[in-house]
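1. starting from these lines, generate the structure:
(one chain, ligands or ions: 2)
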Amino acid sequence: MERNSRIFVAGHRGLVGSAIVRRLVEGGYDDLVLRGRDELDLTDQAAVRAFFDREKIDYVILAAAKVGGILANERFGGDFIRDNLLIQTNVIDAAWRAGVRKLLFLGSSCLYPKFAEQPLKEEALLTGALEPTNKPYAIAKIAGITQCQAYRRQYGFNAICAMPSNLYGPGDHFDPEGSHAIPGMIRRFHDAKMEQAPSVTLWGTGTPRREFLYVDDMADACLHLMERYDSEDIINVGPGEDIAIGDLARLIRRVVGYEGALTQDLSKPDGHPRKLMDVSRLFATGWRPKVGLEEGLNRTYGWFLENAAPPAPRPAATTTGEAAE
Ligand SMILES: NC(=O)C1=CN([C@@H]2O[C@H](COP(=O)(O)OP(=O)(O)OC[C@H]3O[C@@H](n4cnc5c(N)ncnc54)[C@H](OP(=O)(O)O)[C@@H]3O)[C@@H](O)[C@H]2O)C=CC1
Ligand SMILES: C[C@H]1O[C@H](OP(=O)(O)OP(=O)(O)OC[C@H]2O[C@@H](n3cnc4c(=O)[nH]c(N)nc43)[C@H](O)[C@@H]2O)[C@@H](O)[C@@H](O)C1=O
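-> Ligands and ions are numbered 1, 2, ... in the order given. Take a look at the predicted model:
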């Protein structure tokens, strides 16, 4: 990608999209095309076609999608499959029709079978039953990968597909119910600290393991792949190490500075028992992550405090009716 290329970052306000914009600006790319959902609804095929006809885009990084944690995926599967099929089908097709030179599509490690051999090689895709909690989302994403591969074979369209591990960092969503594990736990430990609550509830058994990549490393990997990767084969993107959810919770408790107890809500789903990916294909291209989990959590909590923390609870009124000191 040349510094003056016209680059459309779809989903530029999201966790990944905003990190990609930061990384592009840092790299001196000065012709970024950014459209929020309010300006361009990517589920609207006519609007997407008209946008690509008008804007003469050179490169597309598709970081727009309907995304959420395990509970949101379990509860709103219709939204997840519909919106993701529409967004990706519209953008990939319109980009090809408009002569876009290269497009990056983002899958996810949760597309792999629930019980595939670990660490997960890219060849494991479609070799076994999916995890039920995010099957609608996973089926949509697998369709997106298949569309990219079919457009490369039939039309010579240079679309590549990355499979990110779980991601976290500045710009994440901290809603305690709909978010992913790290932002959800940061929010709950923070709220418990502010309210001096005696304990925090952990979803599920805490035994599943997850691989977490800091979002600025993800953004760096996206640019690396846009510059160096032109294969139809999917490519895993992650740090190549994972952590048990229970250990993650204790680490986040320390980062937030909460001193209460941990309880479990076994009514919440565990999801995949593990989905550690084999990242040797990525590492063979010379890329490595830079931000470890504890450092990433500290940076994320700092961003949360600056940008997303709810107002501190008002001190309880004293008997004289004035606020306590
Ligand atoms: N977060 C994670 O742990 C992982 C994410 N991924 C993938 O990375 C990509 C980005 O995810 P992430 O950044 O976390 O998601 P976010 O929810 O943070 O961002 C998604 C973005 O897509 C935009 N969007 C959603 N629907 C539409 C629409 N109809 N029209 C236009 N824009 C739309 C949102 O806009 P708005 O802000 O207006 O809602 C938002 O900016 C996705 O493809 C996801 O599948 C893969 C693995 C892990
Ligand atoms: C990212 C990727 O993968 C996602 O699936 P997931 O990895 O299972 O998502 P998750 O981060 O929400 O949960 C991870 C684990 O953590 C446990 N857990 C504990 N406490 C909280 C908690 O407070 N919130 C959440 N969300 N999970 C918690 C939770 O029970 C589960 O065992 C897809 O939805 C899909 O979005 C996708 O692409």
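
2. same for the helix or strand hosting N90, what does it pack against?
-> Using DSSP states H and E, N90 falls within helix 77-97. Here helix 77-97 touches helix 45-55, strand 59-62, strand 102-106, helix 135-155, strand 159-164, going by 3 or more Cβ pairs under 8 Å, 6 or more residues apart in numbering; DSSP states H and E. Using the backbone N, CA and C atoms, a C-beta is placed for each residue, glycine as well.

3. got a list of contacts for that helix?
-> Residues from elsewhere that reach helix 77-97 (Cβ atoms under 8 Å, 6 or more residues apart in numbering): 10, 42-45, 48-49, 51-52, 57, 60, 62, 64-66, 68, 72-73, 103, 105, 134-137, 139-141, 143-144, 147-148, 151, 155, 157, 159.

4. in PyMOL, select just the buried ones from these.
-> The following PyMOL line selects those of the contacts of helix 77-97 that are buried, judged by 16 or more other Cβ atoms under 10 Å:
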select buried, resi 10+42+43+48+51+52+57+60+62+64+65+66+68+72+73+103+105+134+135+136+137+139+140+141+144+147+148+151+157+159
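
5. restrict the contacts of helix 77-97 to contacts with ligand 2.
-> The subset of these lying close to ligand 2, counting by Cβ under 6 Å from any ligand atom, consists of G68, N73, N134.

6. quick one: buried residues of stretch 191-209?
-> D191, A192, K193, V200, L202, W203, G204, G206, P208, R209.

7. now the spatially closest residue to D44 that is not a sequence neighbour: how far from G302?
-> With sequence-adjacent residues excluded and distances taken as Cβ to Cβ, 6 or more residues apart in numbering, D44 is closest to N90, at 7.4 Å. Remark: distance between N90 and G302 (Cβ to Cβ, to the nearest Å) = 37 Å.

8. between the two, which is the more surrounded one?
-> Legend: neighbour count by other Cβ atoms under 10 Å for N90 and G302, higher for N90 (22 against 12).

9. which pLDDT value goes with that one?
-> Confidence at N90, expressed as pLDDT, is 99.

10. kindly report the same for the one 10 residues further on.
-> In the prediction, the pLDDT value recorded for V100 is 98.

11. I'd say it and I61 touch.
-> No - applying Cβ atoms under 8 Å as the test, V100 and I61 come out as separate, 10.9 Å apart.

12. bridged to A159, which residues?
-> Under DSSP bridges, the beta-bridge partners of A159 are L103.

13. point out where the stretch 101-250 of the chain drops to low pLDDT.
-> For the stretch 101-250 of the chain, no stretch is flagged by pLDDT under 70.

14. what residues does it have near ligand 1?
-> L106, S108, P164, N166, L167, H180.

15. and whatever residue of the chain ends up closest to ligand 1, what is it in contact with?
-> Distances between the chain and ligand 1 by Cβ to the nearest ligand atom are smallest at G14, namely 2.0 Å. By Cβ under 8 Å, 6+ apart, G14 lies in contact with A63, A64, V67, G171.

16. and if we set it to 10 Å?
-> Neighbour list for G14: I20, R37, A63, A64, A65, V67, G171, D172, H173, V215 [criterion: Cβ atoms under 10 Å, 6 or more residues apart in numbering].

17. the first one contacts L225, correct?
-> No - contact between I20 and L225 fails when scored by Cβ atoms under 10 Å: they sit 11.4 Å apart.

18. ok, these two, which is more surrounded?
-> Neighbours per residue (other Cβ under 10 Å) separate I20 from L225, with I20 holding more: 28 against 22.

19. okay, the angle between the helix or strand containing the more buried one and strand 159-164?
-> Counting by DSSP H and E, the element that carries I20 is helix 15-26. For helix 15-26 against strand 159-164, the angle between stretch directions is 120 degrees (axes from the mean of the first three to the mean of the last three Cα atoms, to 10 degrees).

20. and stretch 205-225, is it in reach of ligand 2?
-> Yes - residues of stretch 205-225 contacting ligand 2 under Cβ under 6 Å from any ligand atom: P208, R210.

21. kindly report the same for stretch 118-132.
-> No - contact of stretch 118-132 with ligand 2 is not found when judged by Cβ under 6 Å from any ligand atom; the minimum separation is 7.4 Å.
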